[in-house]
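**Student:** how would this look folded up:
(one chain, ligands or ions: 1)
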Amino acid sequence: MNYKLWLAEQTAAKLEGVSAEALAEWVEYPPNPEMGDLSLPCFKLSKQLRKAPQAIAEELKGAWADEPTVERVEAVAGYLNIYLNKSAYARSVVQAVLTAGDRYGSQNLGGGRKVPMDFSSPNIAKTFHIGHLRSTVIGNALYRIFNFLGYESVAVNHLGDWGTQFGKLIVAYKLWGDQEAVERDGIDELQRIYVKFHDEADQKPELEDEARAWFVKLEQGDEEAHKLWRWFVEISLKEFHKMYDLLGVKFDSYAGESFYNDKMGAVLDELKDKQLLVEDDGALLVRLDEFNMPPALMVKKDGGTLYHTRDTAAAIYRKKEYDFDRSLYITDAGQSLHFQQLFKVVELMGYDWAKQMNHVPFGKVSLEGAKLSTRKGNVVHLEELLTKAIEKTREIIEEKNPSLANKDEVARQVGVGAIVFNDLSNNRIKDIVFSWEDALNFEGETGPYVQYTNARANSVLRKSGEQVDVASVKLELLTATAETALIRELYVFKERIVQAMEKLEPSIISRYLVDLAQSFNRFYHECPILKADGELKAARLALTYATTITLKNGLSLIGLEAPQEM
Ligand code: ARG
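**Tutor:** The predicted structure follows:
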């Protein structure tokens with residue numbers, strides 16, 4: 001039952017010339033339950049009906065006499081406030097949750113249309129740091145949210161596996177590299193020699209020329225260069241996969257920048273044919289002055305291609321391959337200009353699907369004020385962060401629940417959950433100052449709090465030893481204030497998921513989960529469950545069960561697991 005739509009339809013039927021769709025947009029959930037369950041701000045109708053808001057509210061109030069779903073109606077300060085019949089509301093909402101189970105909240109808005117999402121996309125031979133974590137967890141959440149709403153998400157990892165930095169790395173390896181050390185220390189060692197390259201190149205600029213030469217060799221398919229590059233990629237992927245396994249993230253495609261090597265020629269020809277490519281001091285670029293943007297550089301003076309060239313090829317490839325409904329790119333806001341330029345170039349090429357591409361920017365992560373920079377080695381390793389979080393969780397379990405059966409698994413679920421949730425708890429565009437303390441804080445509005453609430457609800461269900469029987473349970477008994485508040489929270493889940501999709505904002509789900517957990521905890525304290533009598537106990541257990549279903553579905557949408565016990 002969609003209550004907003006229902007109220008809109010009922011109201012539209014009572015007024016002439018007002019559409020239910022428009023009304024549905026205006027219906028609100030009053031912030032305070034004293035003001036009703038649903039509310040219609042009548043000032044929005046004032047102009048069209050040529051009446052004062054309060055007069056409209058009074059008039060509508062009169063038309064609501066015998067509606068069994070409604071307990072009472074009030075006209076206050078231009079608002080029409082509807083108080084739903086608590087029993088009917090409880091029955092309709094809890095039954096819907098129990099019936100839908102792990103599909104509760106899902107709906108088919110997408111009709112199977114494809115949405116490739118470019119996320120995580122770390123750079124080979126560079127540390128997977130907390131900046132990449134943001135792209136990974138935001139992308140993974142959007143992936144799950146879109147799937148839940150009937151789209152077919154495609155997770156694309158556009159690996160940074162091509163570019164001049166590989167020339168530098170080859171030179172660095174040939175000068176200071178040691179195979180054994182790389183095999184043993186992986187990216188850390190590659191990172192070390194890469195940083196050393198930059199330090200030394202400050203004194204010896206000829207190193208830069210050598211690096212350029214090696215990259216040209218690589219682009220031309222030189223065997224030695226290619227073998228080293230392949231090896232750097234393998235070493236790096238091994239480490240990235242460790243992170244992805246811990247985070248429970250999977251990709252459908254690992255077509256990175258190098259994948260477009262043989263596809264850029266055709267794109268450059270097309271740009272030429274369409275007279276978009278101009279020469280500038282030996283380089284080739286697309287001018288964007290008209291749109292107040294610097295040009296998109298496509299070919300360098302030395303013939304090398306660039307990030308832009310590969311992204312243009314990738315955009316066209318994705319349209320062909322997936323015939324997408326939308327194509328998303330999840331990166332930090334620092335790349336906003338790059339994506340504006342990219343979308344403009346595609347538009348200038350005459351592709352009207354350019355408007356179906358969206359950049360999903362997020363705020364920067366800084367480390368106690370200092371910007372994270374791979375070049376300077378100023379980074380927080382994700383692996384270290386996750387390991388610390390898991391260890392800390394393990395200690396807490398040892399202290400609070402030493403007899404728990406699968407401690408290691410739960411420690412991983414909760415420790416990783418804490419980090420992911422912390423990352424998703426603010427609007428994505430907000431800059432984050434990383435602090436170990438915040439990341440490892442399990443109190444308050446955190447992932448572990450939500451997971452713990454779910455485990456607590458599960459423990460009540462276990463202790464009861466009863467099965468919830470949807471057909472016979474008397475859900476209409478759930479009319480206490482804390483019960484109604486919890487039911488209302490369960491009800492808005494579906495809407496929150498749609499909002500999260502529309503705004504491309506997973507934090508809507510994480511904040512929702514905190515609200516839901518708080519509502520459950522209030523219910524748990526105010527309404528005895530196991531000590532209640534027969535039918536009321538069964539109804540409260542059903543509400544508890546509906547809460548675990550919703551918490552679990554919500555956690556899963558943002559990539560968190562929901563342990564039964566912790
Ligand atoms: N590798 C890039 C980075 O780490 C992100 C790539 C984003 N995707 C893209 N199609 N440009 O900054």
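
**Student:** alpha carbons only for contacts and neighbour counts from here, please
**Tutor:** OK.

**Student:** pLDDT weak spots in the stretch 351-500 of the chain?
**Tutor:** 368-379 (pLDDT under 70).

**Student:** can you pull out the strands in it?
**Tutor:** 357-362, 365-367, 370-371, 432-434 (DSSP state E, counting those that start in this stretch).

**Student:** What is the burial count for the residue in the stretch 151-300 of the chain positioned nearest to the ligand?
**Tutor:** Per C-alpha to the nearest ligand atom, residue 160 is where the stretch 151-300 of the chain lies closest to the ligand, at 4.2 Å. Per other C-alpha atoms under 10 Å, the neighbour tally for residue 160 reads 19.

**Student:** can you pull the contacts of it?
**Tutor:** 121-124, 256-257 (C-alpha atoms under 8 Å, 6 or more residues apart in numbering).

**Student:** and if you look at residue 485?
**Tutor:** Taking C-alpha under 8 Å, 6+ apart, we find residue 485 in contact with 33, 519.

**Student:** Tell me the spacing between it and residue 34.
**Tutor:** Distance of residue 485 to residue 34, given as C-alpha to C-alpha, to the nearest Å: 11 Å.

**Student:** for this structure, where's the lowest mean pLDDT among helices and strands?
**Tutor:** Lowest by mean pLDDT, DSSP states H and E among the helices and strands of the chain is strand 370-371, with a mean of 54.

**Student:** thinking again about what came up before, okay, the contacts of residue 160 in JSON lines with pLDDT and secondary structure next?
**Tutor:** Output for the contacts of residue 160, formatted as JSON lines (pLDDT from 0 to 100; DSSP: H, G, I helix; E, B strand; the rest coil):
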{"residue": "121", "pLDDT": "97", "secondary structure": "coil"}
{"residue": "122", "pLDDT": "96", "secondary structure": "coil"}
{"residue": "123", "pLDDT": "95", "secondary structure": "strand"}
{"residue": "124", "pLDDT": "96", "secondary structure": "coil"}
{"residue": "256", "pLDDT": "97", "secondary structure": "coil"}
{"residue": "257", "pLDDT": "97", "secondary structure": "helix"}
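
**Student:** Out of those residues, the closest to residue 283 would be?
**Tutor:** Within the contacts of residue 160, the smallest distance to residue 283 is 20.4 Å, found for residue 257 (C-alpha to C-alpha).

**Student:** how close does the closest one get to residue 264?
**Tutor:** For residue 257, the distance to residue 264 - C-alpha to C-alpha - is 11 Å.

**Student:** Give me the common contacts of these two.
**Tutor:** Joint contacts of residue 257 and residue 264 (C-alpha under 8 Å, 6+ apart) are residue 310.

**Student:** Those two - which one has more neighbours?
**Tutor:** Neighbours were counted for residue 257 and for residue 264 using other C-alpha under 10 Å; residue 257 has more, 23 against 20.

**Student:** That one contacts residue 124, correct?
**Tutor:** No - applying C-alpha atoms under 8 Å as the test, residue 257 and residue 124 come out as separate, 10.5 Å apart.

**Student:** quick one: common contacting residues for the two?
**Tutor:** Any residue near both residue 257 and residue 124 by C-alpha under 8 Å, 6+ apart counts here, and that gives 159-161.

**Student:** Secondary structure and pLDDT added to those, as JSON lines?
**Tutor:** Shown next, in JSON lines, are the shared contacts of residue 257 and residue 124 (DSSP: H, G, I helix; E, B strand; the rest coil; pLDDT from 0 to 100):
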{"residue": "159", "secondary structure": "coil", "pLDDT": "97"}
{"residue": "160", "secondary structure": "strand", "pLDDT": "96"}
{"residue": "161", "secondary structure": "coil", "pLDDT": "97"}
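
**Student:** neighbours around residue 552, how many?
**Tutor:** Residues lying near residue 552 (other C-alpha under 10 Å) number 22.

**Student:** Helices of the stretch 151-300 of the chain, start to end?
**Tutor:** 165-176, 179-185, 187-203, 206-219, 223-247, 264-273 (DSSP state H, counting those that start in this stretch).
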